[in-house]
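In: compute the structure for the input listed below.
(2 chains)
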Protein chains: 2
Amino acid sequence: MKREAPRRRQPPESYVEGILKGDRVVLSQAITLVESGLSEDQDLAAQVVEECLPHSGKSLRIGITGVPGVGKSTFIEELGQFVIRKHDRRLAVLAIDPTSSKSRGSILGDKTRMSELARNEHAYIRPSPTGGSLGGVARKTREAIVLCEAAGFDVVIVETVGVGQSETAVHSMVDFFLLLMLAGAGDELQGIKRGIMEMADALAITKADRENVGAARRARAEYSQALGLFPEGAGGWRARVILTSAVERTGIDEVWQCFLEHETLMKSKGVFEARRREQARYWFEAAIGDLLLESFQSNERVRTLRAGLEAQVLDKKRSPFSAARELVRVHLGQEAES
Amino acid sequence: MKREAPRRRQPPESYVEGILKGDRVVLSQAITLVESGLSEDQDLAAQVVEECLPHSGKSLRIGITGVPGVGKSTFIEELGQFVIRKHDRRLAVLAIDPTSSKSRGSILGDKTRMSELARNEHAYIRPSPTGGSLGGVARKTREAIVLCEAAGFDVVIVETVGVGQSETAVHSMVDFFLLLMLAGAGDELQGIKRGIMEMADALAITKADRENVGAARRARAEYSQALGLFPEGAGGWRARVILTSAVERTGIDEVWQCFLEHETLMKSKGVFEARRREQARYWFEAAIGDLLLESFQSNERVRTLRAGLEAQVLDKKRSPFSAARELVRVHLGQEAES
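Out: Sure, this is the predicted structure:
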């Protein structure tokens, strides 16, 4: 061995065995493998994921997003404890956070953010992998879902911060997409990127308590009307707006019933499995694109030429297509030589 | 020559010369080259586009979309004649229609759809190229914009049918995106894909005349409120809703003033050019992705293996990422050998 491995690797079957037993320590080690950039780890992770695949798919996958300050962690903590206590479920919380590698800090970097849930033996909380492209983080999260499901978690929440592209990625890996909103004065959607609201299967207005109740009710009426203008979702689903309060512990039950009602409708219409298959196809194609681009971007000759060509494109000295064609030819040509 | 060329090719400078003179016949021939699948045509087209680039960029680029039946061609015909007559502009109309290769027929397959405009010497109407992927059609349309601008057309309308992915492509090549809507009972947005409304810089309600006036006014109030919930666009622009009627010839002036007001605001905020540079960068990156994928998809070994791997992915026997990695390795491996 050239250098010490960051931890001792196990044969794939010992990870799989631990995961299928529901061992959260082994689950964490396996997710760390999935997140690793080392190619030995990646090969091992691929085998573990592959072995877990037949045991996956049985959870309800929920995406939750909202701007910073909306109260995502408090909401998830309440919801998580509710489904564990009242519905005897096991809950995993994963995060996609494209900002976590930057200075803004990880949305789930600190497990103490959901301290109650983190201590619960029926819950598993995994912070967002730091660094890497959104595509990479999303892929890792998707494989972490498989591992969590194989470990017996039957509700998987994928959390993301509602400020960027990551909502689309999350939307493409969950069965239900919940948007958390804060009732306030004026432009309630400020900060929510265009198009996010149209992806939502439901809106939950948080902090609908005390002096906020009036504003929250007005917001519900407005959003309900706005949502009514959007077309129906698959299976005839209509997004709804729910008032919630973590302090008063209200609305959580209604949100959970909404998930179940949606699941029942989707399954009765045959949309549930069809959508998951579509998602698998989407991730297959996305991975092909990512890997092709990765090989292109790591090509030394492409790297040397790219900035100059891009500058020409921006200055209208080259058309985007002709510049792209030159670069791709360089890429493919170099590979033919090597 | 192995076989007769579909038409006689000219040296690039003769196309460029004709285009710069505003010759619509030469312009059409050059756009045909851009649309051609033959590699000799493509090389020639690339040279012509390159030569025209310095003469491009001076038009106002308008994207117009709406569901079939909303009255797009009637609206464009009215708008086109208005800007030619009243504002002394020259107008080109291009179409992106991902459905045109299928049985549904091209939205602009027949020039007689805009018969008045087609006869006007200050207008140029070009049907959508048939066949090919959306990416390919969009690239060709983008290059056709360059040629039209070099030919002196100072308003370029890119029309698309509001049912699919093509709106995003159009949105990425225009300065202003106009959504045409029909006032009717109930779910007015039926048929408009999710997210389209949030891209619009303005909504024009068509056929707001006679017995429709009441419904159109109610729709305007509802849409205005819904749009108010969306965040401001770049430069602080707020989308607005305009009532129009082609029969009564109302609202067209207001739509045109809205374009100009938007252009002035964007230019005063420095957003206009910044957005065009962003668009150029977007198309550069999109073209790289398209070309990489094209080379991947035309790889014989990839084609042989792909269907089987995809079936395994859909049946949860392989993870999407691991299957993609295998295919991409096959692709890159084959290229290293050849």
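In: packing partners for the one helix or strand residue A:278 maps to?
Out: Per DSSP states H and E: residue A:278 is located in helix A:271-297. Helix A:271-297 is packed against helix A:134-150, helix A:252-268, helix A:320-337, helix B:271-297, helix B:300-314, helix B:320-337, with contacts defined by 3 or more Cβ pairs under 8 Å, 6 or more residues apart in numbering or on different chains; DSSP states H and E. C-beta coordinates here come from the backbone N, C-alpha and C atoms, glycine included.
In: switch those over to a markdown table; also include mean neighbour count.
Out: Below are the helices and strands packed on helix A:271-297 laid out as a markdown table (neighbours: other Cβ atoms under 10 Å in any protein chain shown):
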| stretch | mean neighbour count |
| --- | --- |
| helix A:134-150 | 23 |
| helix A:252-268 | 16 |
| helix A:320-337 | 18 |
| helix B:271-297 | 18 |
| helix B:300-314 | 15 |
| helix B:320-337 | 18 |
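In: quick one: which of these is nearest residue B:86?
Out: helix B:271-297 (23.2 Å; Cβ to Cβ).
In: before we move on, the earlier item: off-centre distance for the helix holding residue A:278?
Out: 14 Å (Cα atoms, centre = their mean, to the nearest Å).
In: now do stretch A:209-219
Out: Centroid separation for stretch A:209-219 versus its chain: 29 Å, with Cα atoms, centre = their mean.
In: now that stretch: buried residues?
Out: Going by neighbour count (16 or more other Cβ atoms under 10 Å in any protein chain shown), the buried part of stretch A:209-219 is A:209, A:212, A:215-216, A:219.
In: touching chain B at all, stretch A:60-70?
Out: No. Using Cβ under 8 Å from any Cβ of the partner chain, no contact is recorded between stretch A:60-70 and chain B, whose separation bottoms out at 11.0 Å.
In: so for that stretch, what's the average pLDDT?
Out: Per-residue pLDDT over stretch A:60-70 has a mean of 90.
In: can you pull the contacts of residue A:76?
Out: A:64, A:93, A:114, A:117, A:157, A:159 (Cβ atoms under 8 Å, 6 or more residues apart in numbering or on different chains).
In: so which strand or helix has the last one?
Out: Secondary-structure assignment from DSSP H and E places residue A:159 in strand A:155-161.
In: check what pLDDT residue A:54 gets.
Out: At residue A:54, the model reports a pLDDT of 94.
In: touching, it and residue B:316? I think so.
Out: Yes. Counting by Cβ atoms under 8 Å, residue B:316 is a contact partner of residue A:54 at 6.8 Å.
In: which one of those two is surrounded by more residues?
Out: Ranked by neighbour count (other Cβ atoms under 10 Å in any protein chain shown), residue A:54 and residue B:316 place residue B:316 first, with 17 against 10.
In: which pLDDT does the model give the closest residue to chain B within the stretch 151-300 of chain A?
Out: As assessed by Cβ to the nearest Cβ, chain B sits closest to residue A:287 within the stretch 151-300 of chain A, at 3.4 Å. Per-residue pLDDT puts residue A:287 at 91.
In: what of the one 4 residues further on?
Out: Residue A:291 is assigned a predicted lDDT (pLDDT) of 91.
In: dump the residue contacts of it.
Out: B:324-325, B:328.
In: hmm, 6 Å instead?
Out: Contact partners of residue A:291, counting by Cβ atoms under 6 Å, 6 or more residues apart in numbering or on different chains, are B:324, B:328.
In: what helix or strand is the residue sitting nearest the centre point of chain A located in?
Out: Closest to where the C-alpha atoms of chain A average out (Cα atoms, centre = their mean) is residue A:170, at 3.6 Å. Using DSSP H and E, residue A:170 maps to helix A:166-171.
In: which strands or helices does that helix pack on?
Out: For helix A:166-171, the helices and strands in contact under the criterion 3 or more Cβ pairs under 6 Å, 6 or more residues apart in numbering or on different chains; DSSP states H and E are strand A:155-161.
In: pretty sure residue A:89 sits against residue A:83.
Out: Yes. With contact defined as Cβ atoms under 6 Å, residue A:89 reaches residue A:83; the gap is 4.5 Å.
In: looking at those two, which one has more neighbours?
Out: Neighbour comparison, residue A:89 and residue A:83: the larger count goes to residue A:83, with 24 against 18 (by other Cβ under 10 Å).
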